[in-house]
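Chemist: sequence unavailable; structure follows:
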């Protein structure tokens, strides 16, 4: 299995499906670059976790059921969970 290249990824989200994605029902993990350049406007330094980004991105990008309709992100719904990978502009 080939390693996932996270150079074009800013953040990932793992949470409950069919709810908002504000973070109350899931968790965002950022790359160092994503936190600095594409953060939400407040300090997310504690959410920088490139290992989690690689794991979630691998699950999403390797799954044939992933929705790649929008070029800005990739979405994978698995039962009651949703995994999202956000890409750089």
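Modeler: Perfect, I can see it now. Being a predicted model, the structure only gives us computed values, none of them experimental.

Chemist: ok, the closest residue to residue 37 other than its chain neighbours - contacts?
Modeler: Take residue 37 and drop its neighbours on the chain: the residue closest to it by C-beta to C-beta, 6 or more residues apart in numbering is residue 10, 7.3 Å away. The C-beta positions use only the backbone N, C-alpha and C, and glycine is treated the same way. Applying C-beta atoms under 8 Å, 6 or more residues apart in numbering to residue 10 gives the contacts 30, 31, 33, 34, 37, 38, 86, 87, 88.

Chemist: can you show me the helices along the chain?
Modeler: Per DSSP state H, the chain carries helices over the ranges 32-37, 50-61.

Chemist: correct me, but residue 53 touches residue 32?
Modeler: No. Assessed by C-beta atoms under 8 Å, residue 53 is found out of contact with residue 32, at 9.8 Å.

Chemist: the more surrounded of these two?
Modeler: Taking neighbours as other C-beta atoms under 10 Å, residue 53 and residue 32 compare with residue 53 leading, 24 against 13.

Chemist: hey, what's the residue positioned nearest the centre of the chain bridged with?
Modeler: Geometric centre of the chain, nearest residue: residue 12, 1.3 Å, by C-alpha atoms, centre = their mean. Here residue 12 sits in beta bridges with residue 29, residue 85, going by DSSP bridges.
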